[in-house]
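Asks: Mind looking at a prediction? Sequence and model below.
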Amino acid sequence: MESVRREKVAALLKSQAGRKVLAKGWVRTKRGNKNVAFTALNDGSTIHNIQIVCEMSRFTDEMMRPVTTGACIGVTGTLVESQGSGQNVEILADEITVYGTADTSYPLQKKGHSLEFLREIAHLRPRTNTFGAVLRIRHAMAFAIHKFFNDKGFYYLHTPLITASDAEGAGAMFQVTCLDLQNPPKKEDGTIDYSKDFFARHTNLTVSGQLEGETGALALGEIYTFGPTFRAENSNTPRHLAEFWMVEPEMAFYEIEDNMDLAEEFIKYLVKYALDNCMDDLQFLNDMFDKELITRLQSVISTEFARISYTEGVKILENSGRKFEFPVYWGADLQSEHERYLVEEHFKKPVIMTDYPKDIKAFYMKVNPDNKTVRGMDVLFPKIGEIIGGSQREENYEKLQNRIKELGMNADSLWWYMDTRKFGSAPHSGFGLGFERLLLFVTGMSNIRDVIPFPRTPKSAEF
């Protein structure tokens, strides 16, 4: 069987009939009669299956019995023009090798399955059409992120996952420790003595690579991080994960306007890349889950994003006559219902909102001359709300020090960050894109647990 080289299903479906081929993959369905059996084979390279035609004059019942839904097989045969509709070519089988059988307890039988059920079998759900499509798109978006930044001369910086600093000041962090939890070492005052721990200090999983990223930008000019981040928030919503991926560019000499321009260019590039390279998968998701998906994606790349201040946004919301679940007033942290109203109903396109009240934003954002607002910017998207959050960073040592004091933060653990403002500080900006939020938008899925292979949420780390 191995004398013919294996080809992927994606390549076979595009190739010319009339030659010997070898395909390997997993059986999706099998049907037939006493004369002929039709098997749909998929190897993950495309949403489409290739049809295997087995003439029963060549195969015994015993040979075909293990070829069931979920089984892994190899098929050698002739690639022929398809007699039926739905595909141009199919394989007329000469020989079948069964690599792995699947009995009737295989949970992905031909009937449709709910997304909730599939979350319970996250180890098998990549074999469904839906998750095959989502995971191929996830790969394409990750590749496109690296390509975008590489082509613009940015450097990919690996920032630590274990850190002693809280970039957001949010406090919702996962602790990392090697201490004996039953009997931790104590100081004289009864508190835990972290000097005896592995890192000799209290450490956590990172909530953001931004602070370390800034140190890279103030040396290399333009950098980006792309890696997992962790939030120990007890948020059981369709938009929150405890472990998710973040893309965080940081750029020296960028003012807030440059930052907004880059964010808009970046997100349009990614959406265009998906449309150019993932159309089969997008078409499937469009047909199955969200009939407006492709139209929405196309509209994003062809429209200029609206740009408004937070103050303008609040006025629009107050004058909308809409009764929101969360009240709107100047100083409120806008919720996704507010953001979506502005995007989907008022402007009918993505919105970049700037100049937020400093009291609801992080310590590192550059304060405006009014001393009430900061040079923050959020990109708001249809169906999602905030997809990017960023700002011009405060480059002035004294102002940053005062802000840290104002917020009662631990300045000692940020000594190295403050040094960047002491030695050759420069205006700089950056933003963070939640990768899974992007994927929600690009795939049309409605729950963030369905765009990551193994979701981590409160009370759930099964796989």
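Replies: Received the coordinates, thanks. Numbering: from 1, shown residues only.

Asks: Can you report phi and psi for Ala71?
Replies: Backbone torsions of Ala71, given as degrees, to the nearest 10, read phi -70, psi 150.

Asks: What of Thr130?
Replies: According to degrees, to the nearest 10, the main-chain angles of Thr130 amount to phi -60, psi -50.

Asks: where does Val53 fall, phi/psi-wise?
Replies: Here the main-chain torsion angles of Val53 (degrees, to the nearest 10) amount to phi -110, psi 120.

Asks: neighbours around it, how many?
Replies: 20 (other C-beta atoms under 10 Å). To be clear about C-beta, it is placed using only N, CA and C from the backbone, and glycine gets the same treatment.

Asks: which one is it nearest to, not counting chain neighbours?
Replies: With C-beta to C-beta, 6 or more residues apart in numbering as the criterion, Val53 has its nearest non-adjacent residue at 5.2 Å, and that residue is Leu92.

Asks: Please enumerate the strands of the stretch 1-150 of the chain.
Replies: Defined through DSSP state E, counting those that start in this stretch, the strands belonging to the stretch 1-150 of the chain, from first to last, are 19-32, 36-42, 50-55, 72-81, 89-100.

Asks: If you count contacts, what does the shortest one end up packed against?
Replies: So that's strand 50-55. Using 3 or more C-beta pairs under 8 Å, 6 or more residues apart in numbering; DSSP states H and E as the contact definition, the elements that strand 50-55 packs against are strand 19-32, strand 36-42, strand 72-81, strand 89-100.

Asks: State the pLDDT value of the residue nearest to Val53.
Replies: At Leu92 the predicted local confidence, pLDDT, stands at 97.

Asks: Ok, Ile96 next?
Replies: The predicted local confidence for Ile96 comes out at a pLDDT of 97.

Asks: Quick check: it vs Asp370, distance?
Replies: Distance of Ile96 to Asp370, given as C-beta to C-beta, to the nearest Å: 74 Å.

Asks: next one: Phe154
Replies: Using C-beta to C-beta, Phe154 is found at 32 Å from Asp370.

Asks: Just want to know which of these two has more residues nearby.
Replies: When neighbours are counted by other C-beta under 10 Å, Phe154 comes out ahead of the other of Phe154 and Asp370, with 20 against 9.

Asks: coming back round to it: to Leu317, which of the strands of the stretch 1-150 of the chain lies closest?
Replies: Closest of the strands of the stretch 1-150 of the chain to Leu317 is strand 36-42, at 47.3 Å (criterion: C-beta to C-beta).

Asks: on contacts alone, who are the packing partners of the closest one?
Replies: The helices and strands touching strand 36-42, judged by 3+ C-beta pairs under 8 Å, 6+ apart, are strand 19-32, strand 50-55, strand 72-81.

Asks: what residues does it touch?
Replies: Counting by C-beta atoms under 8 Å, 6 or more residues apart in numbering, the neighbours of strand 36-42 from elsewhere in the structure are 9, 23, 25-32, 48-56, 59, 64, 67, 73, 75, 91, 127, 132.

Asks: circling back to that earlier point, among the strands of the stretch 1-150 of the chain, which is nearest Lys349?
Replies: Using C-beta to C-beta, the nearest of these to Lys349 is strand 36-42, at 37.6 Å.

Asks: average pLDDT for that closest one?
Replies: The predicted model assigns strand 36-42 a mean pLDDT of 96.

Asks: So which bits of it are buried?
Replies: Within strand 36-42, the residues that count as buried by 16 or more other C-beta atoms under 10 Å are Ala37, Thr39, Ala40, Leu41, Asn42.

Asks: Direction included, what does it pair up with?
Replies: With DSSP bridges as the criterion, the sheet partners recorded for strand 36-42 are strand 19-32 (antiparallel), strand 50-55 (antiparallel).

Asks: Adding distance to Thr203 and mean pLDDT, write those out as CSV.
Replies: Formatted as CSV, the entries for these read as follows, by distance: least, C-beta to C-beta, whole Å; pLDDT from 0 to 100:
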stretch, distance to Thr203, mean pLDDT
strand 19-32, 42, 96
strand 50-55, 50, 97
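
Asks: ok, how many other residues are close to Thr457?
Replies: Residue neighbour count, defined by other C-beta under 10 Å, stands at 17 for Thr457.

Asks: residues touching it, list them.
Replies: For Thr457, the contact set (C-beta under 8 Å, 6+ apart) comprises Asn236, His240, Leu241, Ala242, Arg449.
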